[in-house]
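Got a predicted model here, sequence first, then my questions.
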Amino acid sequence: MAAVPVSVITGFLGSGKTTLLASLLRDPALARTAVIVNEFGAVGLDHLLVEASDEEIVALDSGCVCCTVRGDLVRTAGDLLARRAVGAVAAFERIVIETTGLADPAPILQALMTDPALADALCLESVIATVDAAAGAATLDAHPESVKQAAVADRIVVTKTDLSDPAASGLAERLHALNPGAPQLTAVHGAIDAGRLFGGGLYDPAARGPDVLRWLAAEAVPHDSSGPAGHAHTGHGRAGSRHDDAITCFCLRRKAPLRAVTLSLFLQVLAEHCGAGLLRLKGLVHVRESPGRPAVIHGVQHVFHPPAWLDAWPDGDRTTRIVVIARGLDPRWLEALLNALDDEVAALQAAG
């Protein structure tokens with residue numbers, strides 16, 4: 001049986017990976033696709049927000065892709081193939097992996113290209129990096145992971161061009177200098193022709209330059225057995241070329257519905273006062289005025305998008321879940337802020 005083509009979608013937090021993937025899975029060209037979504041932190045939402053029909057969606061939410069998830073990825077891909085062989089899942093013809101925005105992509109690419117359990121069954125076809133036109137330059141300055149994500153890609157998809165012109169800001173020139181061989185494509189609200197991202201032969205790391213070959217070679221060096229599948233967990237700070245230990249992920253949960261005004265005020269305060277430390281906010285919110293249709297909220301630093309409304313809850317859990325990835329923000333302060341705003345709005349509405 002022919003090897004199954006695999007594509008990896010990488011890109012920093014909030015750069016539009018999930019929006020791109022959801023749009024692609026509505027394209028008939030990507031019918032019969034299995035999707036593996038890796039999320040950073042204990043509470044995952046991305047796999048609930050990916051709109052698909054018959055596709056097999058698998059969530060890996062055990063942490064960062066450079067550590068436990070690397071072993072989990074190999075096992076999950078192998079399990080998908082085994083289940084396909086016995087007819088337990090739809091006969092998918094492609095696998096797409098969406099990595100967490102904090103992932104160093106080198107370990108996952110090395111595993112897909114060289115792991116003996118996958119070598120004959122899978123072939124790495126394309127590596128797609130999303131880059132936020134509005135925040136991309138600052139992200140490249142602050143986060144080494146984002147540099148690697150753009151450098152390893154053989155297709156770069158620039159998102160949010162409605163907020164910033166990548167040519168005028170210098171981002172396009174910077175991305176070209178970082179990865180001159182990768183075409184820079186534009187996605188409008190996640191929409192892009194799937195034919196421009198998939199197909200075209202095997203992924204060639206040599207075409208990406210000497211840095212990429214060096215990063216992959218470093219992942220091929222045998223490690224001790226302190227990590228899964230022999231992959232040592234060397235830490236996530238700058239010296240370890242992993243994500244910053246100061247970055248935390250937490251989830252704000254509420255059983256009671258939030259008032260719409262409370263939600264608006266909460267997002268406004270975060271954008272104005274916490275933007276620098278707010279790497280990513282994403283949530284499903286139970287809004288009191290619209291109980292059957294949850295609001296999906298997205299924010300990156302100082303930029304918050306208007307809430308989008310789902311037609312129905314994607315799972316049986318109807319509690320508000322707001323996942324925050326931040327540097328230097330205390331979850332207790334955010335919880336207290338949300339409660340205080342809700343109490344104030346309730347009092348004003350009662351008085352009015």
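Yep, it's here.

With residue 209 as the reference, measure out to residue 188.
For residue 188, the distance to residue 209 (C-beta to C-beta, to the nearest Å) stands at 29 Å. Quick note: C-beta positions are derived from backbone N, CA and C, even for glycine.

Which one's more surrounded, those two?
A direct count of neighbours by other C-beta atoms under 10 Å for residue 188 and residue 209 places residue 209 higher, at 15 against 11.

if I look at that one, how far off is residue 170?
Look at residue 209 and residue 170: by C-beta to C-beta, they are 21 Å apart.

can you check residue 298 too?
Separation of residue 298 from residue 170 (C-beta to C-beta): 25 Å.

and if you look at residue 148?
Residue 148 is 20 Å from residue 170, by C-beta to C-beta.

Then residue 309?
Residue 309 is 36 Å from residue 170, by C-beta to C-beta.

what about the strands in the stretch 51-200 of the chain?
Counting by DSSP state E, counting those that start in this stretch, the stretch 51-200 of the chain has strands at residues 56-60, 94-98, 122-132, 155-159, 184-186.

Show me which residues of the helix or strand harbouring residue 265 are buried.
Following DSSP states H and E, one finds residue 265 within helix 260-273. Residues of helix 260-273 classed as buried: 260, 261, 262, 263, 264, 265, 266, 267, 270, 271 (neighbour count, 16 or more other C-beta atoms under 10 Å).

re earlier: now the strands of the stretch 51-200 of the chain as TSV including mean pLDDT, distance to residue 283 and mean neighbour count?
Shown next, in TSV, are the strands of the stretch 51-200 of the chain (pLDDT from 0 to 100; distance: least, C-beta to C-beta, whole Å; neighbours: other C-beta atoms under 10 Å):
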stretch	mean pLDDT	distance to residue 283	mean neighbour count
strand 56-60	51	17	19
strand 94-98	90	18	24
strand 122-132	95	19	25
strand 155-159	96	20	25
strand 184-186	95	27	16
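
right, and the ones you listed - which one's nearest residue 215?
strand 122-132 (12.4 Å; C-beta to C-beta).

Name the residue in residue 298 and residue 170 with the higher neighbour count.
Neighbours of residue 298 and residue 170, each counted by other C-beta under 10 Å, are more numerous for residue 298; the result is 20 against 11.

helix/strand/coil for the closest residue to that one other than its chain neighbours?
Counting by C-beta to C-beta, 6 or more residues apart in numbering, residue 305 is the residue found nearest to residue 298 once chain neighbours are left out, at 4.8 Å. Assigned with DSSP: H, G, I helix; E, B strand; the rest coil, residue 305 falls in the strand class.
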